[in-house]
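return a 3D structure for these sequence lines:
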Amino acid sequence: MAEIVAVADPDDPRIAAYRNVRDRDLAGGHGGRFVAEGETVLAVALTAGRFRMESLLVAENRVAALEPLFAAHDLPVFVAPMAVMEAIVGFPIHRGVLGVGLRGTPADPAALLAARPPLVVGLSGIANHDNVGGIFRNAAAFGARAVLIDGATCDPLYRKALRVSVGGVLKVPFARVPDTLAMVDLLAAADYAVLGLSPRGARRLDEIPRDRPAALLLGTEGPGLSDAVMAATETVRIDMAGGFDSLNVATTSGIALYELARGRTVG
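The predicted model follows:
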């Protein structure tokens, strides 16, 4: 059962993990922890089971409404007046609830692929947290069961990426690989159809056979996938109206994953 702990002092040492959240986000100062924000994200965090939640911090005026979310979980729930909570975290908390989770041991990419998920997403150099969060949200929605991220892609457990994903980051397993070409090699060795998505792609997405597991590789907006990655993959495209060949990468991921999920058992 959850333990309710009243907090009246922003300097209370028990809530040190929540202090100045925004500054610590920017500095990467949470160490082996991450911060989740909002009722929907925390509902996923507490039920998906991929990461252990260490504690919650809840505004006093939201405890009654949020109690069904945390009541059955064995963790401390720090409760503070809204003014104290905002002094702790360093900015207005409109949602009135934060949680600290433990990152644990990073997942092994080969182990993720050994389970043969039929649909995988690969992220190459995507440094925008909103885009990473949006892609994870789409991956969860369309049944992708693994996401591989290269060394240049930002942290999916960064608070903003996690919030934009609506908990998708906590639902879809992910693992980091050193670079995108290493990702391609790993996927090819596991007998995946490795699809490099680009306006320059040689084939339409709807032309791709459904007889093999597929991995959709997405590059950062603007440069997209490198020539070396394009040369190492089966290149695909989404046809668009003439004179405009650029979609937001998170939007693109939703269209592409919907198409690739058709005819596959990905639930």
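
what residues of stretch 141-161 count as buried?
Across stretch 141-161, burial judged by 16 or more other Cβ atoms under 10 Å covers 141-150, 153-161. To be clear about C-beta, it is placed using only N, CA and C from the backbone, and glycine gets the same treatment.

wait, Ala228 sits on Asp179?
No: if you go by Cβ atoms under 8 Å, Ala228 and Asp179 don't touch, sitting 9.9 Å apart.

could you point out which element follows the helix or strand containing Ala140?
For Ala140, the element it lies in under DSSP states H and E is helix 129-141. Downstream of helix 129-141, the first helix or strand assigned by DSSP H and E is strand 146-149.

quick check: what element follows that next one along the chain?
helix 159-164.

contacts for that next one?
Residues outside helix 159-164 that contact it (Cβ atoms under 8 Å, 6 or more residues apart in numbering) are 21, 25, 34-38, 41, 129-130, 132-134, 136-137, 154-156, 169-170.

can you select the buried ones from those in ChimeraX?
The buried residues among the contacts of helix 159-164 can be selected in ChimeraX (16+ other Cβ under 10 Å) with this line:
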select :21,25,34,35,36,37,38,41,129,132,133,134,136,137,154,155,156,169,170
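
how far does stretch 55-69 sit from the chain's center?
Relative to its chain's centre, stretch 55-69 lies at 24 Å (Cα atoms, centre = their mean, to the nearest Å).

quick check: mean pLDDT across that stretch?
For stretch 55-69, the mean per-residue pLDDT is 96.

can you list the residues that contact it?
2, 4, 7, 15, 17-18, 39, 42-43, 46, 70, 75-82, 85, 88-89, 93, 96-100.

same question for stretch 100-118.
For stretch 100-118, contacts defined as Cβ under 8 Å, 6+ apart pick out 17-18, 30, 32-36, 45, 51-57, 120, 143-146, 148, 157, 173-177, 183, 186-187, 190, 192, 213-214, 264-266.

check which residues of it are buried.
Val100, Gly101, Ala107, Pro109, Leu112, Leu113, Pro117, Pro118.

how much space between Val58 and Leu162?
18 Å (Cβ to Cβ, to the nearest Å).

ok, now Arg210?
Note on Arg210: its distance to Leu162, by Cβ to Cβ, is 32 Å.

quick one, which of the two is more surrounded?
With neighbours defined as other Cβ atoms under 10 Å, Arg210 and Leu162 compare such that Leu162 has more, 28 against 14.

which non-adjacent residue is nearest Val44?
Nearest-residue entry for Val44: Gly167, 2.9 Å, with adjacent residues in sequence omitted and distances by Cβ to Cβ, 6 or more residues apart in numbering.

the one you found contacts Glu39, doesn't it?
No: between Gly167 and Glu39 there is no contact under Cβ under 8 Å: 10.1 Å.

I am finished for the moment; much appreciated.
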